[in-house]
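**Student:** turn this into a structure:
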Amino acid sequence: MSQNYRLLNDPEIGEGSTIEEYCIIGVAGRGQSPDELKTTIGSGAYIRSHTVIYAGNKIGDNFQTGNKVNIRELNSIGDSVSIGTLTVIEHHVLIEDNVRIHSQVFIPEFSIIKSGAWIGPNVVLTNAKYPLSPDVKENLNAPIIELGAKIGANSTILPGVKIGENALVGAGSVVTVDVPAGVVVAGNPARFIKKITELPY
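**Tutor:** Presented below is the predicted three-dimensional model:
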């Protein structure tokens, strides 16, 4: 491991992990006491330069980040998860095993991303139906990305939308309603295109 990084509040990091320069791991969130939340990262992690991981995250084995990833507190992240450069993961997010999140993605609080899901670059998930409304924080409703679903680059997923198992969202789509399992949708707003079984692969 490089030594030009900061480990705060005694995070637990597994064997065989690499932490590049200028990373910060275990920083307490606003209003939290420094020793309130334990941070654990499994073995074989590769955490690239300038990544910030807040306290209270539980991260599995073989985790990796690109440069300048920001991961807020109290998330659960499974094994073999990859998070690309400049991506932001807010707090209280569940990311299961074998998820690939590409560069410059935004994942808001309370999102659920299930095993094997794939999220392309510049995708934005949203959780506030009426931003800046008086009770917005009490009514956040994050998307659910089901097992093996794929979301193409530059797509936007609106609050509370569920992307079904093995579904495919075409690049540049705006998804306003739930997507059934095993279908392809695309467009703004996204509409049914075909079944996954009709794709040429």
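**Student:** and this protein, what are its domains?
**Tutor:** 1-92, 112-201 (automatic domain parsing).
**Student:** which residues does Ala117 contact?
**Tutor:** Residues in contact with Ala117 (C-beta atoms under 8 Å, 6 or more residues apart in numbering) are 96, 99-100, 145-151. In this view, the C-beta of every residue, glycine as well, is placed from N, C-alpha and C.
**Student:** quick one: pLDDT of Asn9?
**Tutor:** Looking at Asn9, its pLDDT stands at 89.
**Student:** so it is in which element?
**Tutor:** Using DSSP states H and E, Asn9 maps to neither a helix nor a strand.
**Student:** Asn9 against Gly26, yeah?
**Tutor:** Yes. Counting by C-beta atoms under 8 Å, Asn9 does reach Gly26; the two are 4.4 Å apart.
**Student:** can you work out which residues contact both of the two?
**Tutor:** Common neighbours of Asn9 and Gly26 (criterion: C-beta under 8 Å, 6+ apart): 39, 55.
**Student:** of the two, which one has the most company?
**Tutor:** Neighbours per residue (other C-beta atoms under 10 Å) separate Asn9 from Gly26, with Gly26 holding more: 26 against 18.
**Student:** ok so the more buried one is a strand residue?
**Tutor:** Yes. When DSSP: H, G, I helix; E, B strand; the rest coil is applied, Gly26 is found to be in a strand.
**Student:** confidence-wise, which helix or strand of the chain is lowest on average?
**Tutor:** strand 6-7 (a mean of 92; mean pLDDT, DSSP states H and E).
**Student:** and the next helix-or-strand element following that one, what does it pack onto?
**Tutor:** Sequence-wise, the next helix or strand downstream of strand 6-7 (DSSP H and E) is strand 12-13. Helices and strands touching strand 12-13, by 3 or more C-beta pairs under 8 Å, 6 or more residues apart in numbering; DSSP states H and E, are strand 40-41.
**Student:** and the strand it packs on, what does it pack against?
**Tutor:** Counting contacts by 3+ C-beta pairs under 8 Å, 6+ apart, strand 40-41 is packed against strand 12-13, strand 58-59.
**Student:** okay then, goodbye and thanks.
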